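here is the input, now give the coordinates:
(chains A, B, C and D)
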2 protein chains.
Amino acid sequence: MKHEHLLKHHQLKATPQRLAIIQLMHYAGHIGIDELYQEVRKKFSSISLATLYKNVHTMLDVALIREVKIPGHKTKYEISKESHAHILCKSCGELKDVPLEPVSLLQKSIDISHYKVEEVSVVISGICPECQKK
Amino acid sequence: MKHEHLLKHHQLKATPQRLAIIQLMHYAGHIGIDELYQEVRKKFSSISLATLYKNVHTMLDVALIREVKIPGHKTKYEISKESHAHILCKSCGELKDVPLEPVSLLQKSIDISHYKVEEVSVVISGICPECQKK
DNA sequence: GTATTTGCAAATGATTTGCAGTGCT
DNA sequence: AGCACTGCAAATCATTTGCAAATAC
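Numbering: from 1, shown residues only, chains lettered A, B, ... in the order given. Now for the predicted structure:
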């Protein structure tokens, strides 16, 4: 119901395929096309890759979801939410959100530029605490 | 000469193709595969796309260059240098570097995570001062 | 009922690979 | 000389398109 409303709020029809996609993104946090396809098929075996691509594009266009692009990795997608950074472990591959107040933390850089800032994307990569122990 | 040294320092052979690629990246700041191909051909008409891809990969592997991935845009490449943020104008498309001291600016987020940080990638997008005037 | 969305198959675009010949060190 | 690199053509992988049938509202 919650997800149906998300779609309608963006004037998109709430098809079961779209609901499945959103549900998975919500559950996974960040997910790539391939994994998304594998997973959606489990609940919705008839879905086609073309439909998946079309819907991902449609949802990107209305900013219901966002691309997460990480150097050295395939694009992942996430449901739009408050601004946050992404932190990736180069050892185990886990990708997590971390809190971030970009406007204040990056203020110096932004001030210098005099840009009207609309979006900030931050990806931090390194080794997570668990992998450091090994 | 400077660029030849760059290659040798990473134990790569200094072929004219590679020198041309590095020279262009250095000149352009950030450049995508297609533009790189068009430009390299002007000086080096025999170069193949395959060679371009192979060299870009090779140089990424040794971290001589870096990927710059921006939501909604094709990957660009740049020569590795001190940490900095990228700022993109959504109106005119210009991509610039801006100074950034990621470790200190992002310290709060990083502290929380306990990660051993190796790399920070920041992309800010918005409207540049010139485009705001229009 | 109408406009949108789906799924298929085919088209297009992007990147990679194998291999024979060439060129760096 | 020997290994790495280049260029070509073909293979592979990723994404998009057109269209008829199905579905949301």
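
surely A:Pro99 touches A:His84?
Yes. In terms of C-beta atoms under 8 Å, A:Pro99 counts as a neighbour of A:His84; the distance is 6.2 Å. Bear in mind the C-beta positions are built from the backbone N, C-alpha and C, glycine included.

pick out whichever of the two has more residues nearby.
A side-by-side neighbour count of A:Pro99 and A:His84, using other C-beta atoms under 10 Å in any protein chain shown, places A:His84 first with 17 against 12.

for A:His30, see how far away that one is.
11 Å (C-beta to C-beta, to the nearest Å).

Three-state assignment for the closest residue to A:Cys131 other than its chain neighbours, please.
Leaving out its chain neighbours, the residue that sits closest to A:Cys131 by C-beta to C-beta, 6 or more residues apart in numbering or on different chains is A:Ser91, at 3.8 Å. Three-state call for A:Ser91 (DSSP: H, G, I helix; E, B strand; the rest coil): coil.

quick one: contacts for A:Ser91?
The contact partners of A:Ser91, by C-beta atoms under 8 Å, 6 or more residues apart in numbering or on different chains, come to A:Ile127, A:Cys128, A:Cys131, A:Lys134.

just these: which are in helices?
Per DSSP state H, helices hold the following members of the contacts of A:Ser91: A:Cys131.

filter the contacts of A:Ser91 to the buried ones?
Neighbour-count burial (16 or more other C-beta atoms under 10 Å in any protein chain shown) applied to those gives A:Ile127, A:Cys128, A:Cys131.

residues near the closest residue to the first one other than its chain neighbours, how many?
Meaning A:Ile127. Sequence neighbours aside, B:Lys116 is the residue nearest to A:Ile127 in space, at 4.4 Å (criterion: C-beta to C-beta, 6+ apart). Summarising burial for B:Lys116: neighbours were counted as other C-beta under 10 Å, giving 15.

what about B:Lys116, distance to A:Lys133?
Distance of B:Lys116 to A:Lys133, given as C-beta to C-beta: 11 Å.

coming back round to it: list phi and psi for the residue nearest to A:Cys131.
Main-chain dihedrals, A:Ser91, degrees, to the nearest 10: phi -90, psi -60.

just the pLDDT for it.
As predicted, A:Ser91 sits at a pLDDT of 92.

please apply the same query to A:Pro102.
Looking at A:Pro102, the pLDDT reads 49.

show me what contacts the most centrally placed residue in chain A?
By C-alpha atoms, centre = their mean, chain A has its centre lying nearest to A:Glu78, at 1.9 Å. When contacts are counted by C-beta under 8 Å, 6+ apart, A:Glu78 touches A:Met25, A:Gly29, A:His30, A:Ile31, A:Ile65, A:Arg66, A:Val68.

want to throw these into a markdown table with distance to DNA strand D, pLDDT and secondary structure?
Converted to a markdown table, the contacts of A:Glu78 look like this (distance: C-beta to the nearest atom of the strand, whole Å; pLDDT from 0 to 100; DSSP: H, G, I helix; E, B strand; the rest coil):
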| residue | distance to DNA strand D | pLDDT | secondary structure |
| --- | --- | --- | --- |
| A:Met25 | 16 | 98 | helix |
| A:Gly29 | 19 | 96 | coil |
| A:His30 | 15 | 97 | coil |
| A:Ile31 | 13 | 98 | strand |
| A:Ile65 | 14 | 98 | strand |
| A:Arg66 | 15 | 97 | strand |
| A:Val68 | 13 | 97 | strand |
